[in-house]
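Colleague: test case, fold it:
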Amino acid sequence: MVAAVVAVAAILMSVDVNQYRGVIEEQAEAATGRDLSIGGPIELSISLSPAVVLQDVAFANAPWGSRPEMVTARRLEAQVELLPLLSGEIKVKRLVLVGPDVLLEVNEDGVGNWALDLPASDGAAETAAAETAAETAADEAATAGRQALPDLQLVRVEDAVVVYSDQSTGEKRSLSLAALEAAAQGWNAPLAVQGSGQLDDLSFSLAGTLGPLSDLVNQATVYPVVMKVEAAGATVNVDGRIEAPEEARGIDLGIAVSVPEPTATAQAFNATAPADLPALRLDGRLSDTQGGWAVRNLAASLGDTSLAGALTVTLDGPRPKVTGTLSSPLIDLAALLPSKGGEGDAAGAGQSADTPSRLFPDTPLPLAGLKAADANVELAVSRLVLPDGMALADVTGKVSLSNGRLMVAPASARAGGGTVRAEVTLDASSEAAPAVALTLRTEDVKLGQVLAEVGQGDLIQKGPTDVRLDLTGRGASVAAIMGSLDGGAVVSVGQGTINNDAVRSWTQDIALRLIDSLNPFASKDKYTVLQCGVVNLSLQNGVATSDRGIAVQTPKFHVTGSGTVNLGTETLDMAVKTGVREGAGLATANLANLVRLRGPLTDPSLAVDPLGAARTAVSAGAAIASGGLSLLAEQVIERTAEPEDVCAVALGQAPARASQPPQDQQAAPSQAPAPDNPLDAVKGMGENLGEGLKGLFGR
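Modeller: Residues are numbered from 1 along each chain as shown. The predicted structure follows:
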């Protein structure tokens, strides 16, 4: 046998294989309908492992293609083992492709250049003969078994470029492979894969082990997959099995994703992400389901924030649908989404130079994506920290999305020692402007505790707060929604203590600064005991109206207010007055008459209105009904022996008491008469109130 092998080798060595160049090219054209050209010499190396080398190989493109060649390669090398050939077994020891340049393109009719235009058969007889031959070949292949296919031990691709171009859409992608190698010790041995390259501008590398090629060909019941891919600083590990790889069924893969620097990784994928995000970790088990995919044992973490649960994606409906349950011990949005302002913003002395012109943005909301998928997900979070630092505990909610209609209901949480319950609906299912509905209830939420969580714990102590919101609106932007709101908003604050010094140095809350400016005792007392506070607004078409629905009551004085807030134009016009209880130790003759808060919500102004001393009284209700905003009162600050319960009046639980006659008209005046000129009252008003008004909002 050795002599026969030597004789065959001697004969082959004496043959010039280049004479078969034309035969090879003709056979390729007959089989594919396209030209195959071999521009370089054909080399044949004879040994126990003979090798054939082709150089400068080119395969023609489709006639409509953008270049003449679909595939070119600098070198194609195939090395086989000689001795197995004597027994009819083909063992390819080495198959190397160097410098392949592949162009995959799609024309404007959606036809790919890889679709071959094969020669048509001549007549029905040839067609029948071809079908019979194919059936015979298939039977023979089944009898011989798939092991008769070549046994590839090493396949290597070097310096490869693959370009995909779609002329109908303009899409173009490029894949460069520095090296890609697949090696196995035999047909029945595991296949080791490794390589590196670049997809467009994204560099990557991969390494792993796949099941034997024989398992793929013989359709083994379990095909193992172990792979590691690295790209843009991220690492993806896959470890599992596929029961039916030829049908992509029976997938059960463990997936672990590690992203040490998510911000940089997102930028590499041309995506945006907040700066300095902590490390991301994602683990789960991916499997195929009837009509979709499922992820179980899901565990994700981003810094201290984590999430666990299971999700299922169904793809066989009118839209993809996501269902599942998620839970988390902590979601810290304050750490993941830092506040835009720097430290100390809350204690600033006034409006910054870059105060926005609009409080509510008028940019369109990204609502088109609501129709891209449906969802039904239940969420439970033990602790949720909002961007401003406020913490919610025991957050539960059910999120449902169906054909553009998003609903969060029911949702509940604990905050500030109390409870919060809400229902939110955003309906973008029709061509009409999206509709929004919000129902919110809070019970016994301690305002002081909430302020402490956002770094303002010295402002108020205690202050149990109840909120009732029932609002509906419509619009494609936040500004449009706010400008169309209908419904009611009621905020009621119970007993607490206000730190006057802390309030005076804080500019962020209009209500607190207004209380400070109208507090006749702000400069005398370090603390103000709050008995109650109420804001009761009725909203119609974006205009919030209050008829004595704003109230603050303390043992020494009370404040009441009326007016409007136009959320569409982002302006307000409010009138307030103060009542001082007898025996509080403050003369009222020289105090302000009428205080007006008006202007844009982003930069309102506060001023004293001397006309408030006029004897003509126009009720808030009448002024609002007639469209006027010049709210007058007989007097703004009055002295009362037993002040009415202004909070009960604001809540609609008690009727408002008629105003007392001016001080100089009482039968037994106990104070000096009011000045003849109302302007003198303004000039001589209390120093503490004047300074408070002057300092409001940095003015």
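
Colleague: host element of residue 178?
Modeller: strand 172-183 (DSSP states H and E).

Colleague: and residue 155, by the same measure?
Modeller: strand 154-166.

Colleague: show me what that strand packs onto, helices and strands only.
Modeller: Contacts defined by 3 or more CB pairs under 8 Å, 6 or more residues apart in numbering; DSSP states H and E place strand 154-166 against strand 91-98, strand 101-106, strand 172-183. Using the backbone N, CA and C atoms, a C-beta is placed for each residue, glycine as well.

Colleague: reformat these as JSON lines; add mean pLDDT.
Modeller: Output for the helices and strands packed on strand 154-166, formatted as JSON lines (pLDDT from 0 to 100):
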{"stretch": "strand 91-98", "mean pLDDT": "84"}
{"stretch": "strand 101-106", "mean pLDDT": "95"}
{"stretch": "strand 172-183", "mean pLDDT": "93"}
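
Colleague: what about these, which gets the closest to residue 325?
Modeller: With CB to CB as the measure, strand 172-183 is the member of those nearest residue 325 (37.1 Å).

Colleague: quick one: residue 294 is in a strand?
Modeller: Yes: under DSSP: H, G, I helix; E, B strand; the rest coil, residue 294 falls within a strand.

Colleague: contacts only, for it.
Modeller: 286, 287, 288, 310, 311, 312, 313 (CB atoms under 8 Å, 6 or more residues apart in numbering).

Colleague: list the beta-bridge partners for it.
Modeller: Beta-bridge pairing of residue 294 under DSSP bridges involves residue 287, residue 312.

Colleague: tell me the angle the strand holding residue 178 makes with strand 154-166.
Modeller: Angle, strand 172-183 to strand 154-166, by axes from the mean of the first three to the mean of the last three CA atoms, to 10 degrees: 170 degrees.

Colleague: just the C-alpha atoms of whichever strand or helix holds residue 263, please, in CSV.
Modeller: Here residue 263 sits within helix 262-268, counting by DSSP H and E. C-alpha atoms of helix 262-268 as CSV (Å, rounded to 0.1, in the frame of the first residue of the first chain):
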residue,chain,number,x,y,z
PRO,A,262,-21.8,51.8,31.6
THR,A,263,-21.5,55.4,30.5
ALA,A,264,-18.4,54.7,28.3
THR,A,265,-20.0,51.5,27.0
ALA,A,266,-23.2,53.4,26.0
GLN,A,267,-21.2,56.0,24.2
ALA,A,268,-19.4,53.3,22.2
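
Colleague: buried residues in that helix?
Modeller: In terms of neighbour count (16 or more other CB atoms under 10 Å), helix 262-268 has its buried residues at 262, 265, 266.

Colleague: of the residues you listed, which one scores lowest on pLDDT?
Modeller: Within the set of the buried residues of helix 262-268, pLDDT is lowest for residue 266 (88).

Colleague: need the nearest residue in space to that residue, chain neighbours excluded.
Modeller: The shortest distance from residue 266 to any residue other than its chain neighbours is 3.8 Å, reached at residue 273 (CB to CB, 6 or more residues apart in numbering).

Colleague: so that neighbour: helix, strand or coil?
Modeller: With three-state DSSP as the criterion, residue 273 reads coil.

Colleague: roughly how far does it sit from residue 330?
Modeller: 20 Å (CB to CB, to the nearest Å).

Colleague: show me the contacts for the residue nearest in space to the middle of the chain.
Modeller: Computing the C-alpha centroid of the chain and ranking residues by CA atoms, centre = their mean puts residue 273 first, at 9.6 Å. By CB under 8 Å, 6+ apart, the contact list for residue 273 reads 262, 263, 266, 267.

Colleague: any chance of those residues in CSV, plus distance to residue 487?
Modeller: Converted to CSV, those look like this (distance: CB to CB, whole Å):
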residue, distance to residue 487
262, 40
263, 41
266, 39
267, 43
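
Colleague: of those residues, closest to residue 96?
Modeller: residue 267 (36.8 Å).

Colleague: would you mark the buried spots in stretch 535-550?
Modeller: Buried residues in stretch 535-550 (16+ other CB under 10 Å): 535-539, 542-550.

Colleague: so what's residue 423 up against?
Modeller: Contacts of residue 423 (CB under 8 Å, 6+ apart): 407, 408, 409, 410, 411, 437, 438, 439.

Colleague: average pLDDT for stretch 392-404?
Modeller: Rounded mean pLDDT across stretch 392-404 is 95.

Colleague: could you work out the most separated pair of the buried residues of stretch 535-550?
Modeller: Every pair of those checked by CB to CB; the farthest is 542 and 548, at 21.6 Å.
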